[in-house]
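got a structure for you, letters missing:
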């Protein structure tokens with residue numbers, strides 16, 4: 001999929017990148033409030049160097065590059081063969097490195113954040129895997145905050161804005177966050193920053209109107225993370241009060257795109273209450289948000305009132321900061337394609353029924369760059 005950058009647009013002192021995804025969702029620059037009408041506003045446009053705009057930098061091979069000129073292909077040394085490089089003999093191992101972000105809770109539902117490496121056991125397609133990397137520390141993340149700006153969100157915005165800012169305040173000081181609002185289209189209101197003031201200003205740009213293109217917003221935001229995030233640990237937080245009714249993408253296509261991008265864990269807050277939300281719509285939206293969270297290793301929350309939203313934001317921040325990072329080299333070579341299931345167990349003295357939440361599988365990358373993320377969910381040890 002090719003990305004065509006139209007321009008850098010400066011509006012009321014804010015400079016953001018407008019990105020058009022050919023044939024798919026897009027993130028565009030949000031406009032600051034102004035007393036001028038839409039026809040009177042004249043943003044300053046500076047065209048970027050065209051030479052940098054024709055490269056397809058997607059981590060996923062594009063289906064539409066058949067007519068592209070042939071590029072020089074460098075054939076890597078064959079796996080399992082000893083080669084001489086820079087005067088040294090090297091054995092090439094055909095292995096995929098898989099990285100997991102895992103949360104653990106006990107039988108009472110409380111987080112467990114003091115387990116050693118030997119408490120964890122990882123299985124891929126039922127085969128035990130050797131853990132080669134283990135960390136349990138507050139790693140900084142790249143966070144995308146996606147706020148539904150459809151018309152029905154108007155009365156809920158003040159509470160949502162406050163909770164979003166509190167989430168960032170409670171996060172690692174080295175985190176970076178960007179802000180997106182979505183209705184029928186998705187807009188970047190603030191690019192990556194760790195400034196509360198800038199995020200607060202970005203929130204002021206959001207105006208509630210239009211439909212709900214949730215899937216398109218998730219795909220565009222995951223793409224944006226993939227290309228611009230500085231942290232390897234990545235998260236999307238979605239706050240919405242309704243069902244998708246305006247996307248060109250489907251739920252299945254959205255989840256697969258996140259998988260292909262080795263994408264973020266998705267946390268969802270569904271504000272599915274009030275007279276303007278039908279029972280059927282609320283039920284379907286709950287299923288969608290739960291699936292997005294389960295398939296990516298995140299969590300879905302469904303408060304019964306706005307008073308609960310701030311507490312949920314605090315819970316999300318705590319969950320992100322308390323995760324374990326586990327790495328292993330798959331015993332299967334990357335050349336063996338197909339979906340691979342992951343099961344993680346945790347066993348430790350003094351604990352019963354430990355539950356590990358992480359992604360439950362992946363599709364391997366076949367170009368030697370490592371493993372892509374795929375569906376996630378819950379593994380339980382009893």
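It's in. In this text the structure is predicted, and so the values were computed from the model without any measurement.

what does the domain assignment say about this structure?
With domains defined by automatic domain parsing, the chain comprises 97-134+324-380, 142-321.

Quick one: closest of the ones you listed to residue 27.
If you check each of those against residue 27 by Cβ to Cβ, domain 142-321 wins as the nearest, at 4.6 Å. Yep, even glycine has a C-beta here, placed from its N, CA and C like the rest.

ends of the closest one, how far apart?
From its first residue to its last, domain 142-321 covers 12 Å (Cα to Cα, to the nearest Å).

how deep is residue 182 tucked in, by neighbour count?
31 (other Cβ atoms under 10 Å).

so it sits right up against residue 215, yeah?
No: between residue 182 and residue 215 there is no contact, the gap being 9.8 Å when judged by Cβ atoms under 8 Å.

Helix or strand with the lowest mean pLDDT in the protein?
Every helix and strand of the chain was ranked by mean pLDDT, DSSP states H and E. The lowest is strand 44-46, at a mean of 23.

what residue is smack in the middle of this structure?
Geometric centre of the chain, nearest residue: residue 264, 2.6 Å, by Cα atoms, centre = their mean.

ok, now which ones touch the spatially closest residue to that one that is not a sequence neighbour?
Computed as Cβ to Cβ, 6 or more residues apart in numbering, the closest residue to residue 264 that is not its neighbour in sequence is residue 234, at 3.8 Å. Residue 234 sits next to 141, 142, 143, 144, 225, 263, 264, 265 when contact means Cβ atoms under 8 Å, 6 or more residues apart in numbering.

what do you get for residue 125?
332, 340, 341.

returning to that earlier point: for the residue nearest to residue 264, give me phi and psi.
When read as degrees, to the nearest 10, the backbone of residue 234 gives phi -130, psi 140.

So in terms of bridging, what pairs with it?
Beta-bridge partners for residue 234, by DSSP bridges, are residue 142.

follow-up on the earlier one: any idea which of the contacts of residue 125 has the most stuff around it?
Sorting those by how many neighbours each has (other Cβ under 10 Å) puts residue 340 first, at 20 neighbours.

give me the number of residues near residue 96?
When neighbours are counted by other Cβ under 10 Å, residue 96 comes out with 24.

what number of residues lie near residue 246?
17.

quick one: the residue nearest to the centre of the chain and residue 257 touch, right?
No: look at residue 264 against residue 257 with Cβ under 8 Å: they stay out of range, at 11.5 Å.
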